[in-house]
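Peer 1: 3D model of this:
(3 chains)
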Amino acid sequence: MWEPVNKDLLGSAQETKKSLTYWQDVWRRLRQNIMAMIGLIMIATVIFLAIFGPMLSGFSYSEQNTALANIAPNIQITNISGEDYVLVHNDYKLIEATKDGELIGALEILEDNKTEKYILYLINGKEVKFDYSLAQKNKVKGSNSMENTDMKTKYDIYVDGQLIDKYDVKNVWNKTYILGTDNLGRDVWTRVLYGARISLTVGLIASVVNLFIGVLYGGISGYEGGRVDNIMMRIVDIINSVPLLLIVILLMVVISPGLQTIILTIGLVYWVGMARLVRGQVLSLKEQEFVLAARALGVSKAKIIVRHLIPNAIGPIVVSMMMSIPSAIFTEAFLSFIGLGVSAPEASWGTLANDALGGIRSYPYQLIVPSVAIAFTMFGFNFLGDGLRDALDPRLRK
Amino acid sequence: MASLLEIQALKKYFTKSNGFIKKVEQHVKAVDNVSFSIEHGETLGLVGESGCGKSTTGRTIIKLYQPTSGRIIFDGVDITNFSEKEMLPYRKKMQMIFQDPYASLNSRMTIADIIGEAIDVHKVTTSKSERDDMIADLLTRVGLMKDHASRYPHEFSGGQRQRIGIARALAVNPEFIICDEPISALDVSIQAQVVNMLEEIQRNTGMGYLFIAHDLSMVKHISKRIGVMYLGQLVEIGDRDKVYSNPAHPYTKALLSAIPIPDPLSEKAKNRIILQGDVPSPINPPSGCHFRTRCKYSTKECAKCDPVLKTIENNHQVACHLFKQ
Amino acid sequence: MKSRETILEVKGLETSFFTHLGEVQAVRNVSFDINKGEVVGLVGESGSGKSITCMSIMKLLQHPGKIKKGEVLFKGKDLVTKTAKEMRSIQGDEISMIFQDPMTALNPVYTIGNQMIEVIRAHRKVSKKEAYNIALKMLTAVGIPDPAKRMNNYPNEFSGGMRQRAIIAMALSCEPELLIADEPTTALDVTIQAQILDLLKELRTKLSTSIIFITHDLGVIAELCDRVIVMYGGMIMEEASVNDLFASPKNPYTIGLLKSVPNPDILIKQKLIPIPGSPPDMLNPPKGCAFCKRCEFAMDVCLEEVPELYTVANRHKSRCHIYHPDAPKSVRKQVI
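Peer 2: Numbers count the residues shown, from 1 in each chain, chains lettered A, B, ... in the order given. I've put the predicted structure just below:
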């Protein structure tokens, strides 16, 4: 007990403590942030759906079926007889459906009498008369609008001459087109998923451009300093002072509108913020002793920027990149919405929203779906970006 | 034999421009007319308070800053106006150890990469296994273990990090190392480890050191000669014992008396000179002798002309008007 | 000697930081007294727990730090059980604290005068005019030239030494009974440090304030303090009057520490004997004595059991197994 300790058994006095590497530590803190994790799941969902969704939906983004246009995700089906259900469409067409809400297709028209205002259909051997003459009779005096009045006041349905109870309807979800169809009978769900592809492509390219041009430009500008820095930053100021919209319109003149133009525009403009951020980081890092040590060793400028300065500014770079993705997606949606984006039949969230604008009163779901998609993605990226900012902030690092 | 390093009238001014329309240029005279030399295998201690230009002197010598004027002669070659490319062979002969063990190592690189960078830049070796052996050898030389090479800096304590910094400097086998306050950020019990190691390296390799510090007791311990700086100027330089036992400049006297001594009896018996006021701004230093505003012996002459270094005894020079040639 | 009235009594204080990696035991079973008018030096390396001890006394611990156990009796009242609101009336009034960095301890957007008046009015029911007079008196006392004009200056117009003087003036403006100074001279230059130490020495003779002076510089301790507490690995290793500690240290750690610093007054070249290794990781502190892995006299028992704090001489305590009654005398002779 009172014997001196054999020093060799104590182990080396120069031990180090094992600790987490930078990225392990970031991941640990990110995991603790619930909002960031929700954001991450949201982004993962969007990416997964964008890649695999269009393959699984069963429709193509450009497949049209005008007979089944403008069908809502939630439909009211009327029982004709037995197992036969029909969907009364807003434009006085009957569409055959199953009890569960699966659409079978447009019905065979026997007679379309425009003067008497009725249409005769044939369903499973039964003659169905769809009489829409009521629409004129029940029209509210002084009102021109057809849309605001209840559909059910406008028609009567006779099956084999018998009037059936038109109020005997069933609310079911559209099983064929889960998010309905647009005005050309295209599946909205497929088109939104396809739009996600375009939006994510734009976001990805914006971030890659950000990373390469912005980081290198800012790195060189900050490290060189003095006159070089001054000139480079004035160029940035010039680019930053020209409105984005102006650049797009100017580019439209040269190149045809479309995805390439948008990507080019975003590529031309989006690295500016990153360049400024990296320049600021580099300016403060280059006076640090590890950079001086590298200079004293004779390490070349390029190597100092790439191996010493940029890796140490990686935190703010990642956060800025993460935040630039939603802003690029948003820009694309906005440009598409005002008609400067992708052209038909390609769909982006912006064009989907724009197309839906015409029928906003009758078919609001067509606008809601792409809007929700944009909002969902925005939230996802912003939650994750905020979480990353907290996780990467070196001031919180112990 | 020529001196290892000779500094002649070195000046480094930093320009600060103020004002937007009418540009006003101000010069911060960080190093103002400093001359000294260092012999092979010798340690010159450079002391002074923060802002006196001692670190700038070190950084200018290794050409991290381009000197405003003056000459830096290393091994008989004037390297003052060498380009970065011409400097490269001299970066192998001259190295630097930094103050902050946390800021001086790139936290995103492994220890092997940090030390290996020096080997790569100067192409000391091109074979991978030889490079690994060299890194392992350097680590053992500074008292670390070779399997530490794959670790990251944050896994080490302050003293161990400083050892890594020393290993990096040693990787190119320099003839001269500038030690820029290498121990001031370390714990008391660790400081001696590093100082002893630096002394041992010097014994083994015959390297010259410029040891910059504000801790006068450690400087005294490690240096053969000592230079005292005040506001960018060298006010006194000489053999260690002469400067410590017989300080000539009033500033040196005050500086030495201000060191707290870890011994209460001699501490209480000590006659401390307490300087009044603060160090003036280096943008607009007092005319003549820079120290005159805080000096109790200052005369009219001190305000008028700049004092120059005068030899007062063998190997002991002082820049003060109190001493006549 | 002044009367032996104890104003602060720390009993079995234990403070830990609960991090994601586990519990960091920053302060382990620390007990000491501070008498009225006494200057006690708390010396130790970084991570020794000296600052955390004082943060615990002031209840200024940040998350995830927590006082686990122990009592801090200030004039007989336990501060540990006090609420944040009750503590606020004590902080800055009866107990003041000065921090290390004079550059960040003052708010840059208010003038020095404003900040001082605010502190005084927070604790004393006085008019603005009276508070102004107190502030002016304090700034004069700490040797700030032209204090009336300086009151209207912003902190950036003060140099480091001047700021530290202003901070001391602010800390003393409510005439606290206890002043905790956390490395107040570490960030300053030697000549400015000499000025501040001189000021503190002068103030302690004028006022009856007790001071806890935290530092890692043994020289500063020797100059200013009456009594010294040496901390290592969150524990008190040695406690003695300043003369006893430097003349005959009784703990291997203190002995090692004193051997590793050069004495600038001795002209011959001394050999520095460093303590090998690095301080312990408080996440996994050694089972036995905190210093055992670096101690040249370590015995088997040192690895297993934490030694007690033995009283080895008059008012001189040391935490080391060599003072255990069963320990062989030969080992003790080797050490001292």
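
Peer 1: show me which residues of the stretch 151-300 of chain B sit near chain A.
Peer 2: Residues of the stretch 151-300 of chain B lying close to chain A (CB under 8 Å from any CB of the partner chain) are B:Arg151, B:Tyr152, B:His154, B:Glu155, B:Phe156, B:Ser157, B:Gln160, B:Gly165, B:Arg168, B:Val172. All C-beta atoms are positioned from the backbone trio N, CA, C, and that covers glycine.

Peer 1: list the contacts of the closest residue to B:Pro285 other than its chain neighbours.
Peer 2: Excluding the flanking residues, the one nearest B:Pro285 by CB to CB, 6 or more residues apart in numbering or on different chains is B:Leu231, at 5.3 Å. Shown in contact with B:Leu231 (CB atoms under 8 Å, 6 or more residues apart in numbering or on different chains): B:Lys29, B:Asp32, B:Gly51, B:Cys52, B:Gly53, B:Val279, B:Pro280, B:Pro282, B:Pro285, B:His290, B:Phe291.

Peer 1: tell me the residue of the stretch 201-336 of chain C that sits nearest chain B?
Peer 2: As assessed by CB to the nearest CB, chain B sits closest to C:Gly219 within the stretch 201-336 of chain C, at 2.9 Å.

Peer 1: which stretch of helix or strand covers C:Val72?
Peer 2: strand C:65-74 (DSSP states H and E).

Peer 1: distance from the helix or strand following that strand to the middle of the chain?
Peer 2: Next helix or strand after strand C:65-74 toward the C-terminus (DSSP H and E): strand C:77-78. Strand C:77-78 has its C-alpha centroid displaced from the chain centroid by 20 Å (CA atoms, centre = their mean, to the nearest Å).

Peer 1: list the contacts of strand C:77-78.
Peer 2: For strand C:77-78, the surrounding residues in contact (CB under 8 Å, 6+ apart) are C:Glu71, C:Val72.

Peer 1: per-residue confidence at the residue of the stretch 201-336 of chain C closest to chain B?
Peer 2: On the pLDDT scale, C:Gly219 is placed at 87.

Peer 1: does anything pack onto the strand holding C:Val72? Which helices or strands?
Peer 2: Here strand C:65-74 touches strand C:6-19, strand C:22-35, helix C:50-58, going by 3 or more CB pairs under 8 Å, 6 or more residues apart in numbering or on different chains; DSSP states H and E.

Peer 1: who's in contact with that strand?
Peer 2: So strand C:65-74 is contacted by C:7-18, C:26, C:29-31, C:52, C:55-57, C:59, C:61, C:78-80, C:90, C:94-95, C:178 (CB under 8 Å, 6+ apart).

Peer 1: could you dump the residues of the stretch 151-300 of chain B next to chain A to TSV with pLDDT and neighbour count?
Peer 2: Converted to TSV, those look like this (pLDDT from 0 to 100; neighbours: other CB atoms under 10 Å in any protein chain shown):
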residue	pLDDT	neighbour count
B:Arg151	87	20
B:Tyr152	87	20
B:His154	84	17
B:Glu155	83	16
B:Phe156	86	24
B:Ser157	84	22
B:Gln160	89	24
B:Gly165	93	28
B:Arg168	93	29
B:Val172	91	18
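
Peer 1: strands along the stretch 201-325 of chain B, start to end?
Peer 2: B:208-213, B:225-230, B:233-239, B:310-313, B:316-318 (DSSP state E, counting those that start in this stretch).

Peer 1: and those, which one's lowest on average pLDDT?
Peer 2: strand B:310-313 (a mean of 88).

Peer 1: adjacent strands (with direction) for it?
Peer 2: strand B:316-318 (antiparallel) (DSSP bridges).

Peer 1: and stretch A:172-186, which residues are buried?
Peer 2: Under the neighbour-count criterion of 16 or more other CB atoms under 10 Å in any protein chain shown, stretch A:172-186 has A:Val172, A:Asn174, A:Thr176, A:Tyr177, A:Leu179, A:Gly180, A:Thr181, A:Asp182, A:Asn183, A:Leu184, A:Gly185, A:Arg186 buried.

Peer 1: in strands, which of the residues you listed fall?
Peer 2: Using DSSP state E, the subset of these located in strands is A:Val172.

Peer 1: wait, which of the buried residues of stretch A:172-186 is closest to chain B?
Peer 2: A:Leu179 (46.3 Å).

Peer 1: for that closest one, report the pLDDT, please.
Peer 2: 80.

Peer 1: swap in A:Met146?
Peer 2: Confidence score, pLDDT, at A:Met146: 49.

Peer 1: go on, the one 5 residues further on?
Peer 2: The predicted local confidence for A:Met151 comes out at a pLDDT of 64.

Peer 1: could you do B:Asn18 as well?
Peer 2: 65.

Peer 1: quick revisit: what would the buried residues of stretch A:172-186 look like in CSV with distance to chain C?
Peer 2: As requested, those are exported to CSV (distance: CB to the nearest CB, whole Å):
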residue, distance to chain C
A:Val172, 51
A:Asn174, 49
A:Thr176, 51
A:Tyr177, 49
A:Leu179, 43
A:Gly180, 48
A:Thr181, 52
A:Asp182, 51
A:Asn183, 55
A:Leu184, 55
A:Gly185, 56
A:Arg186, 51
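
Peer 1: which pair of the buried residues of stretch A:172-186 spans the longest distance?
Peer 2: A:Val172 and A:Leu184 (23.5 Å; CB to CB).

Peer 1: which SS state does C:Thr311 fall under?
Peer 2: C:Thr311 falls in the strand class when you classify it by DSSP: H, G, I helix; E, B strand; the rest coil.

Peer 1: let me see the contact set for the nearest residue to B:Thr125 once chain neighbours are set aside.
Peer 2: Spatial nearest neighbour of B:Thr125, chain neighbours left out: B:Arg131 (5.4 Å); criterion: CB to CB, 6+ apart. Listed by CB under 8 Å, 6+ apart, the contact set of B:Arg131 reads B:Gly116, B:Ile119, B:Asp120, B:Thr125.

Peer 1: next one: B:Arg131 relative to B:Met145, how far apart?
Peer 2: 18 Å (CB to CB, to the nearest Å).

Peer 1: equivalent analysis for C:Glu296, please.
Peer 2: Between C:Glu296 and B:Met145 the distance is 21 Å, computed by CB to CB.

Peer 1: sorry, back to before: how many neighbours does the residue of the stretch 201-336 of chain C closest to chain B have?
Peer 2: 21 (other CB atoms under 10 Å in any protein chain shown).

Peer 1: which helix or which strand is home to it?
Peer 2: Counting by DSSP H and E, C:Gly219 is part of helix C:218-224.

Peer 1: cool, and C:Ile211?
Peer 2: Counting by DSSP H and E, C:Ile211 is found in strand C:210-215.

Peer 1: then A:Met322?
Peer 2: Going by DSSP H and E, A:Met322 is part of helix A:314-337.
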